[in-house]
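Engineer: Sequence first, predicted coordinates after that:
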Amino acid sequence: MISARFRIELPPSLWIAELSRAFPKTTFRLLSGYQIDGRALELGEVLGESPAEAAEAIRTHPEIVSYELLESDSGRALTKYETTQTDLYGFVETAGLTIEFPVDVERGWYTFDLTGTRAELDELQEVLDCAPLSYELD
């Protein structure tokens, strides 16, 4: 098995890409999530400067249909929310691999780790090579 770290540029139309660019000194970390009935239920963490402000931006974003602030302090906010944007889960299904949490989003890019066979990772790289978005493989 091979472990790899991917960084993929997010489409600007995604709410998390929009917020991560609006808060460039903040990490939006997806700790856990799953897709159900065309929505994604996620447990997320906001780390960095002004986490309360960034968490409020999540709560008020039109793509967020439910939101709960679980915990907050000066450098971190823990949130649970539901969104109508499920692109990450569609990507994972297309790739046929399991994403390892956490998934970090910073400045319009998301970073995640995958473990798979050489053939599985080569196949994912082929999919990414055909996609219109930039990516990096570590």
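Structural biologist: Nice, I can see it. Residues are numbered from 1 along each chain as shown.
Engineer: So what's the gap between the helix or strand bottoming out on mean pLDDT in the chain and the chain middle?
Structural biologist: The weakest-scoring helix or strand in the chain, judged by mean pLDDT, DSSP states H and E, is helix 87-95 (a mean of 73). How far helix 87-95 lies from its chain's middle: 11 Å, per CA atoms, centre = their mean, to the nearest Å.
Engineer: for this structure, what's the longest helix?
Structural biologist: Assignment by DSSP state H gives helix 118-130 as the longest helix of the chain.
Engineer: Okay, buried residues for that one please.
Structural biologist: For helix 118-130, a neighbour-count test (16 or more other CB atoms under 10 Å) marks 120-121, 124, 128 as buried. Glycine gets a C-beta too; all of them are placed from N, C-alpha and C.
Engineer: List the residue ranges of the chain that fall below the pLDDT cut-off.
Structural biologist: The model of the chain has pLDDT under 70 over residues 95.
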